[in-house]
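>>> Prediction below, plus the sequence it came from.
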Amino acid sequence: MLIKDICSKELITVDINDDLKKAAYIMKINNIGFLPVMKDKDIVGVITDRDIVIYGISQNKLGVKDIMRTNLIQIVAKASIEDALKVFKKHKIKRLLVKDENKYAVLCISDIIRSNPITLKDEIYDVIKTILTTSSTDHNPSIDAFIL
């Protein structure tokens, strides 16, 4: 099974010039915790609900551009679920941006779980265990990588 078969098809984004209040509102109304950041028609970063609290509100930063993560790594939609699991584990993340030609999507670890890949249950458990055992002090937005 390929990533493109299970990832979200509708990409919800925020503009680089938006403020964090708007980003939080977009997350709230869409019940999501992750937003790609757009500049013109390109993804230039990402933010999470946790970023808004930890790196925005707590440090009196107001703009998306002030806290977004920009170190992007790419994965293609034709990659396998096994490849995605390796990336999740390596970077200790729960969500990936996926590129399919000129379109983007999001893949969450929960998308993989819902796809019910019985043969990958041990790998999925290992990834989740790695993510959940990561200390919050390990988090550094200046070096964090997200998948594009």
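That came through fine.

>>> Mind jotting down where the strands sit in the chain?
For the chain, the strands defined by DSSP state E cover 14-15, 34-39, 42-48, 72-73, 95-100, 103-108, 146-147.

>>> ok, residue 18 touching residue 64?
Yes - applying C-beta atoms under 8 Å, one finds residue 18 in contact with residue 64, separated by 5.0 Å. (Glycine included, C-beta is placed from N, CA and C.)

>>> shaky segments in this structure?
Counting by pLDDT under 70, the ranges of the chain that qualify are 134-148.

>>> Report the contact partners of the residue most central in space within the chain.
By C-alpha atoms, centre = their mean, the mean C-alpha position of the chain lies nearest to residue 95, the distance being 3.5 Å. With contact set as C-beta atoms under 8 Å, 6 or more residues apart in numbering, residue 95 has these partners: 34, 48, 106, 107, 108, 109, 146.

>>> Give me the neighbour count for the third one.
Which is residue 106. When neighbours are defined as other C-beta atoms under 10 Å, residue 106 has 21 of them.

>>> Any figure for the gap between it and residue 11?
Separation of residue 106 from residue 11 (C-beta to C-beta, to the nearest Å) stands at 7 Å.

>>> residues shared between the contacts of these two?
Residues touching both residue 106 and residue 11 (C-beta under 8 Å, 6+ apart) are residue 36.

>>> Can you say which of the strands of the chain is packed in most?
Stretch with highest mean neighbour count among the strands of the chain: strand 146-147 (a mean of 24; mean count of other C-beta atoms under 10 Å).

>>> Any chance you could give me stretch 101-117 in PDB, C-alpha atoms only?
C-alpha atoms of stretch 101-117 as PDB (Å, rounded to 0.1, in the frame of the first residue of the first chain):
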ATOM      1  CA  GLU A 101       3.300  16.200  -8.400                       C
ATOM      2  CA  ASN A 102       2.100  19.700  -7.700                       C
ATOM      3  CA  LYS A 103      -0.400  18.800  -5.000                       C
ATOM      4  CA  TYR A 104       0.000  18.300  -1.200                       C
ATOM      5  CA  ALA A 105      -1.600  16.200   1.400                       C
ATOM      6  CA  VAL A 106      -1.100  15.200   5.000                       C
ATOM      7  CA  LEU A 107      -0.400  11.800   6.400                       C
ATOM      8  CA  CYS A 108      -0.900  11.100  10.100                       C
ATOM      9  CA  ILE A 109       0.200   8.100  12.000                       C
ATOM     10  CA  SER A 110      -3.500   7.500  12.700                       C
ATOM     11  CA  ASP A 111      -4.100   7.200   8.900                       C
ATOM     12  CA  ILE A 112      -1.700   4.300   8.900                       C
ATOM     13  CA  ILE A 113      -3.400   2.700  11.900                       C
ATOM     14  CA  ARG A 114      -6.900   3.100  10.300                       C
ATOM     15  CA  SER A 115      -5.600   1.500   7.000                       C
ATOM     16  CA  ASN A 116      -5.100  -1.700   9.100                       C
ATOM     17  CA  PRO A 117      -1.800  -2.900   7.800                       C
END
